[in-house]
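Asks: structure for the following, please:
(chains A and B)
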Amino acid sequence: MSAPTLELWNAAASSPFSPVIGKSLHATVAFFLLAIGAVLTIIFSINKSLVLAPAIAFPASVAFGLGSVYALAAGGVYV
Amino acid sequence: MRPLHSRASLCATLLLAASHLGFSLEVPQVYKNTNLLRTIDAAKGYVKETIAVIIENTSDKPQTEYYLPFSVPGSSAVSYVECKDKKEGTPCKAEPVDDATDYPLKYYRITLPATLKPKAQVTLTISAGITGALEPIPAVIGQSDKQFLSYTGDRYAPSAYLTEKQKTKFRAANGEIPDYTDFGEKDVDKSGYIITYGPYDNIKPWSSESKAEKFTVRFEFTLPVIYMEKLERDVEVSHWGNNLAVEERYWMTNNGAKLKDQFSRLAWATTSYYNPPTAAIKSLLFPLRGGSKDAYYTDEVGNVSTSKFRSDSREAILDIKPRYPIFGGWNYSFIVGWNNDLPDFLRKGKGDGYILKVPLLQGPSQSTTYGSVEVKIILPEGATDVTYSAPFPVDKEERLLHKTFMDTLGRTTIKLTINNVVDDLKNRDIIVTYKYSTSAALRKPLVVLASVFGVYLVSALLTRIDLSIGK
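Replies: Numbering: from 1, shown residues only, chains lettered A, B, ... in the order given. Sure, this is the predicted structure:
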């Protein structure tokens, strides 16, 4: 692999890194995702049906997964 | 297999040793220096030597390589050498020659920007940073005494070729120059803070038989001689956090004249009202890139509150004041860090490719030399195909995995070690390219997702186990 050059950097001038969510929204997004996760956990705990359980657990896990990443970022731990 | 391998390595070692024993640098006499002007700048805590030389090819063949020695006796050493064609501004390559037979000379091989035809001339500007060449004399001073540094160098600029005409200019830090060598030949001129030796005509190439004529200049130096024995600099890229985090850990020493008696806090507090020049390190100013934020300054005790941080989109300045003034021979270690928004430093390349451009070295605005600098570029976990181009030669490169919060495998990291660095080389950017796929980016939330989902499943099953005592 050849060493990168300044020309490569200049050529990419029109495409700076664009994050999915900006820094200012980390805390808000994390709060909502973790809140959704918490609500779904409550629903999960009172749910009696075994068939419905994964259907509640999966979105809750997604909310906790993304929520925890953004919660850390909001707290200054940039993972 | 093993004995053969060890025999081969033994032969290689012996050959290497033999080549070192028998080898003496034979520089072909294919040039003459028509005119040479050497400027030795000691305004900082180290020496910057600039040589402007007109060279002429005296052979009948075209030439591309020119040899230039620097005199580095004792503990002094060459930090960097840079060269360019003075008229065109084209840079030329300068690399050290692995030869120590002509002590104290350290030779550099300069590849000319263009082939030099017979009888043709070219003007080169070669600049070098030399550390350890300034010595405090007296070596021990009182708390409010003036500090003087002394430089000893060659009367004639060392050269591998005949020099028809040459001159040396020594630029001191200020006009207070109590001592300088006068050879009594009306070849010395002092004007303000500049001392000129020469012009000298037809100086022969340097040889081991050359009569070593030295000049010494002792001048006042009102600033501390800041030396960072070690600097560890971490640059951490976070795509999820949209952040570039920089942390620098310094082990600092003042290499100026040592403090004579015990430190008097009373005398220090009294004099600080009229702010006289001092040889102690009172504060350090870190000019950072615009948009830097969340700066912190800590040391072994904890947070140090005596710091100021101003930041806007154009520039940011972190002004720190150590817990105590650092006098000559005293040490202090501290940590500074700050964050930046990632889009200022990272661009998207083709496909999954990314291009990162960050300064390899930043550091304080005061003149500083570094014993060893270790820069870690910590890329996101799962980044692959990492390439980089450093703005100046790197002594050692390591690839490793750096483990921190929420990591499973560890973050792809390149660690670059550079020894003997001067602050002339700061604020030059390193360019790093890497590939980072979406699947690698999703690793962190997926790990949490999987573990939380596992907990749900286990709890769903456990709550359905009938643990009641049968009726």
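Asks: what's the spatially closest residue to residue B:154 that is not a sequence neighbour in contact with, if anything?
Replies: Using CB to CB, 6 or more residues apart in numbering or on different chains and skipping residues adjacent in sequence, the residue nearest residue B:154 is residue B:71, 5.4 Å away. Backbone N, C-alpha and C define where each C-beta goes, glycine included. Contacts for residue B:71 were tallied using CB atoms under 8 Å, 6 or more residues apart in numbering or on different chains; they are B:104, B:105, B:106, B:153, B:154, B:158.
Asks: okay, residue B:71 and residue B:212: tell me how far apart.
Replies: Residue B:71 is 9 Å from residue B:212, where distance means CB to CB, to the nearest Å.
Asks: now do the shared contacts for the two.
Replies: When contacts are counted by CB under 8 Å, 6+ apart, residue B:71 and residue B:212 are jointly contacted by residue B:154.
Asks: low-confidence stretches in chain A?
Replies: For chain A, the stretches flagged by pLDDT under 70 are A:1-2.
Asks: same thing with chain B?
Replies: Counting by pLDDT under 70, chain B contains low-confidence residues at B:1-24, B:208-211, B:471.
Asks: contact partners for residue B:446?
Replies: Here residue B:446 is in contact with residue A:65 (CB under 8 Å, 6+ apart).
Asks: the helix or strand containing it: which residues count as buried?
Replies: With elements delineated by DSSP states H and E, residue B:446 resides in helix B:443-463, which encompasses its position. Residues of helix B:443-463 classed as buried by neighbour count (16 or more other CB atoms under 10 Å in any protein chain shown): B:443, B:444, B:445, B:446, B:447, B:448, B:449, B:452, B:453, B:456, B:460.
Asks: from residue B:48, how far off is residue B:38?
Replies: According to CB to CB, residue B:38 stands 11 Å off from residue B:48.
Asks: have a look at those two and say which one is more surrounded.
Replies: More neighbours sit around residue B:38 than around the other of residue B:38 and residue B:48, counting by other CB atoms under 10 Å in any protein chain shown; the figures are 23 against 20.
Asks: tell me the bridge partners for that one.
Replies: residue B:51, residue B:168 (DSSP bridges).
Asks: that one: what's it in contact with?
Replies: B:49, B:50, B:51, B:157, B:166, B:167, B:168, B:169.
Asks: go with 10 Å
Replies: B:49-53, B:126, B:153-154, B:156-159, B:166-170, B:197-198 (CB atoms under 10 Å, 6 or more residues apart in numbering or on different chains).
Asks: ok, residue A:32 next?
Replies: With the criterion set at CB under 10 Å, 6+ apart, residue A:32 makes contact with A:63, A:67, A:70.
Asks: 8 Å - rerun?
Replies: Counting by CB under 8 Å, 6+ apart, residue A:32 touches residue A:67.
Asks: and for residue B:413?
Replies: Contacts here follow CB under 8 Å, 6+ apart; on that basis residue B:413 touches B:376, B:377, B:378, B:379, B:399, B:400, B:401, B:402.
Asks: tell me the one among the residues you listed nearest to residue B:415.
Replies: Nearest to residue B:415 out of those is residue B:376 (CB to CB; 4.9 Å).
Asks: give the bridge partners for the closest one, please.
Replies: For residue B:376, the beta-bridge assignment (DSSP bridges) gives partners residue B:234, residue B:415.
Asks: and it, how far from residue B:397?
Replies: Between residue B:376 and residue B:397 the distance is 11 Å, computed by CB to CB.
Asks: stretch B:254-269 spans what distance, first to last residue?
Replies: The straight-line separation of the ends of stretch B:254-269 (CA to CA, to the nearest Å) is 20 Å.
Asks: give me the contacts around that stretch.
Replies: Outside of stretch B:254-269, the residues within contact range by CB under 8 Å, 6+ apart are B:45, B:136, B:138-145, B:147-149, B:221, B:224-227, B:279-281, B:325-330, B:369.
Asks: near chain B at all, the longest helix seen in chain A?
Replies: Using DSSP state H, we find that the single longest helix of chain A is helix A:52-74. Yes - using CB under 8 Å from any CB of the partner chain as the criterion, contacts between helix A:52-74 and chain B involve A:53-54, A:57-58, A:60-62, A:64-66, A:68-70, A:72-73.
Asks: could you dump that helix to PDB, C-alpha only?
Replies: Coordinates of the C-alpha atoms in helix A:52-74 are reproduced here as PDB (Å, rounded to 0.1, in the frame of the first residue of the first chain):
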ATOM      1  CA  LEU A  52     -44.800 -12.100  22.400                       C
ATOM      2  CA  ALA A  53     -41.700 -12.000  24.600                       C
ATOM      3  CA  PRO A  54     -39.100 -11.900  21.800                       C
ATOM      4  CA  ALA A  55     -41.200  -9.400  19.900                       C
ATOM      5  CA  ILE A  56     -40.900  -7.000  22.900                       C
ATOM      6  CA  ALA A  57     -37.300  -8.000  23.900                       C
ATOM      7  CA  PHE A  58     -35.800  -7.300  20.500                       C
ATOM      8  CA  PRO A  59     -36.800  -3.700  20.100                       C
ATOM      9  CA  ALA A  60     -35.900  -3.100  23.700                       C
ATOM     10  CA  SER A  61     -32.400  -4.600  23.100                       C
ATOM     11  CA  VAL A  62     -32.000  -2.400  20.000                       C
ATOM     12  CA  ALA A  63     -33.000   0.700  22.000                       C
ATOM     13  CA  PHE A  64     -30.600  -0.200  24.800                       C
ATOM     14  CA  GLY A  65     -27.800  -1.000  22.300                       C
ATOM     15  CA  LEU A  66     -27.900   2.300  20.500                       C
ATOM     16  CA  GLY A  67     -29.000   4.200  23.600                       C
ATOM     17  CA  SER A  68     -26.000   3.000  25.600                       C
ATOM     18  CA  VAL A  69     -23.500   4.100  22.800                       C
ATOM     19  CA  TYR A  70     -25.100   7.600  22.700                       C
ATOM     20  CA  ALA A  71     -25.400   7.800  26.500                       C
ATOM     21  CA  LEU A  72     -21.600   7.300  26.800                       C
ATOM     22  CA  ALA A  73     -20.900   9.800  24.100                       C
ATOM     23  CA  ALA A  74     -23.200  12.300  25.800                       C
END
